[in-house]
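Visitor: Let's see this in three dimensions:
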Amino acid sequence: MTNPATIHATGVAIGATGFARAVLLVGPPGSGKSDLALRLIDRGASLIADDRVALTADGERLLAAPPPSIAGLIEVRGVGIVAVRHVANIPVALVVDLATSPERLPEATTRDVFGHALPVIALDPFDASAALKVERALTAFGRRVETAVVDMPVSPSVASSGAATSPRTLLVTGMSGAGRSTALKVLEDLGYEAVDNLPLGLFDKLLATSDGHEDHDAERPLAIGIDSRTRAFDADAIVERIGDLRAEGVDITLVFLDCSGTELTRRFSETRRRHPLALDRPAADGIAREREIVAPLRRAADIVIDTSDYAVSDLRRALAGRFARAGIDPLTLTIMSFGFARGLPRDADLVFDVRFLANPHWDATLRPLTGDDPAVGAYVAADPAFAPAFDRIADLLLLLLPRYGAEGKSYLTVAFGCTGGRHRSVYVARMMAERLAAAGWAGSVVHRDKTSGASAAADGAGAGHGDEPALPGREQTR
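Guide: Numbers count the residues shown, from 1 in each chain. The predicted model follows:
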């Protein structure tokens, strides 16, 4: 590794522990670096350093860390200097230029930073969706950056041996009723292989099946659930074994789910379930006993999540913010075109009616074509209403998509409809898919009615009502 060099920038780390990547926010004083960093931190990012970042070349990677004098400090205008949690030695994956005016559809560019070509985008830091755009740009452009240690305790033997330190295994434990089973389901949705109530005798065997692989991206990380009900449960022995595994180079993170005794009592009462350690006594007795038993695990935990005030969606957000796998989107997106003449698609979550746009059906040369043909696309795009409406719908979707993912929705279908589903809706759906993909939301495109037989009548006038003929220059809708 080379000696660190300091640049004027604000650095934040985005992504789960061990998978995080650094984003450098660059611009002159007052350009909004700290403001944008605060919004990213509020969404789950971690501060690396504010205003100045120390960069160190490590082979093909460029690692970002805070200068010691300002570590853990960020300027909040109107408030002062505030201390926050910070991380160090994060591989830099993206540069965000806050001094350059952003383009609507920019070309992919890179910037040389101490001999490293890094992808760069220009953003308005005070745009309402700026933080979302940074996250999506990182997903789109920063996938090939290798991972590094992110503020985790590593034994000296592991650090000196150069063993990989990505947390491929999460050990999820905690109080009964605090949400361990729910957490494992969430992690499974995030791409982890989840195993619950694994007997401790099989623990090493399970880990051994995932050892020896050089291609970590091709291997699903593990999430293992263990609590006081696990056979031969011994908290002290588990803590000791975790230490031994780390010394052997196994990447393991201990996650402890805690909850207040009052809330746990309420949950067991409402679900009418018995506490596993108080089958014939009040739940409070079992809760108190279990808290004593699992105390060594809570003290040794890398991450403690208190779910006392959490709904399921809150726990999902907390886990996704820490452990979402890089390059894996929690939401499967489908963009669909359809014709209202054949009914609404049953599986559509969001429907946009584009029948306000000029209809190519009334041009005899365009009528036999579809929205995939350049001539039809040019005709639709020439409508003065197209660009402003399209931009507003795109901005709305870019605002909503992360929220749907954060709330745990796995599939989302966005449908665009015109009368017959051959011209306007096809073009708009295709262009929207390209716009969203450029922002990091790649999805599949389905044209439900593009090849349907009743082309001209359905997409233009149709039969109208009964035998009433269509009026020239007007589109009839039902």
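Visitor: now what about the lengthiest helix in the chain, what contacts it?
Guide: If you go by DSSP state H, the chain has its longest helix at helix 386-406. Under the contact criterion C-beta atoms under 8 Å, 6 or more residues apart in numbering, helix 386-406 has outside partners 128-129, 132-133, 135-136, 313, 316-317, 320, 329-331, 333, 350, 352, 354, 356-357, 380-381, 412, 414, 428, 431-432, 435-436, 439, 441. All C-beta spots, glycine's among them, are computed from the backbone N, C-alpha and C.
Visitor: With stretch 176-186 instead?
Guide: So stretch 176-186 is contacted by 172-174, 194, 196, 223, 225, 227-229, 255, 257-259, 264, 267-268, 275-277, 286-287, 290, 307, 310, 312, 315-316, 319-320, 408 (C-beta under 8 Å, 6+ apart).
Visitor: What's the PyMOL line that selects buried ones from the residues you listed?
Guide: Filtering these down to the buried ones (16 or more other C-beta atoms under 10 Å) takes a single PyMOL command:
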select buried, resi 172+173+174+194+196+223+225+227+228+255+257+258+259+264+267+268+275+277+286+287+290+307+310+315+316+319+320+408
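Visitor: The contacts of stretch 176-186 in strands, which ones?
Guide: In strands, judged by DSSP state E, the following of these are found: Val172, Thr173, Gly174, Ala194, Asp196, Ala223, Gly225, Val255, Leu257, Asp258.
Visitor: Just name the shakiest helix or strand of this protein by mean pLDDT.
Guide: The weakest-scoring helix or strand in the chain, judged by mean pLDDT, DSSP states H and E, is helix 156-161 (a mean of 34).
Visitor: Just the pLDDT for Gly420.
Guide: If you check Gly420, the pLDDT there is 92.
Visitor: number of nearby residues for it?
Guide: Close neighbours of Gly420, defined as other C-beta atoms under 10 Å, add up to 29.
Visitor: quick check, it in a strand?
Guide: No: assessed by DSSP: H, G, I helix; E, B strand; the rest coil, Gly420 does not belong to a strand; its assignment is coil.
Visitor: still on that earlier bit, pull out the buried members of the contacts of helix 386-406.
Guide: Applying 16+ other C-beta under 10 Å to the contacts of helix 386-406 flags 129, 132-133, 135-136, 316-317, 320, 329-331, 333, 352, 354, 357, 380, 412, 414, 428, 431-432, 435-436, 439, 441 as buried.
Visitor: then stretch 348-363 to PDB, C-alphas only?
Guide: Extracted in PDB, the C-alpha atoms of stretch 348-363 (Å, rounded to 0.1, in the frame of the first residue of the first chain):
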ATOM      1  CA  ALA A 348     -50.200  -4.300 -12.900                       C
ATOM      2  CA  ASP A 349     -49.200  -2.400  -9.700                       C
ATOM      3  CA  LEU A 350     -49.000   1.000 -11.300                       C
ATOM      4  CA  VAL A 351     -50.900   2.000 -14.500                       C
ATOM      5  CA  PHE A 352     -50.300   5.100 -16.600                       C
ATOM      6  CA  ASP A 353     -52.700   6.100 -19.300                       C
ATOM      7  CA  VAL A 354     -50.800   7.500 -22.300                       C
ATOM      8  CA  ARG A 355     -53.900   8.100 -24.500                       C
ATOM      9  CA  PHE A 356     -53.400  11.900 -24.200                       C
ATOM     10  CA  LEU A 357     -50.500  11.600 -26.700                       C
ATOM     11  CA  ALA A 358     -50.900  12.000 -30.500                       C
ATOM     12  CA  ASN A 359     -52.100   8.700 -32.000                       C
ATOM     13  CA  PRO A 360     -50.000   7.300 -34.900                       C
ATOM     14  CA  HIS A 361     -53.100   5.300 -35.900                       C
ATOM     15  CA  TRP A 362     -54.400   8.300 -37.800                       C
ATOM     16  CA  ASP A 363     -51.300   8.400 -40.100                       C
END
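Visitor: Other residues contacting it?
Guide: 336, 338, 340, 344-345, 366-367, 369, 376, 379-380, 382-383, 385-386, 389, 393, 397, 400, 412-420, 423-425, 428, 456, 459-461, 472-473, 475, 477.
Visitor: circling back: to the chain's geometric centre, what's the distance from the longest helix of the chain?
Guide: Put simply, helix 386-406 sits 16 Å off its chain's centre (C-alpha atoms, centre = their mean, to the nearest Å).
Visitor: Stretch 81-98 now?
Guide: Taking C-alpha atoms, centre = their mean, one finds the center of stretch 81-98 at 18 Å from the center of the full chain.
Visitor: for stretch 274-292, same thing?
Guide: That offset, for stretch 274-292, works out to 37 Å (C-alpha atoms, centre = their mean).
Visitor: avg pLDDT for that stretch?
Guide: Per-residue scores along stretch 274-292 average to 82.
Visitor: now do stretch 45-53
Guide: Rounded mean pLDDT across stretch 45-53 is 90.
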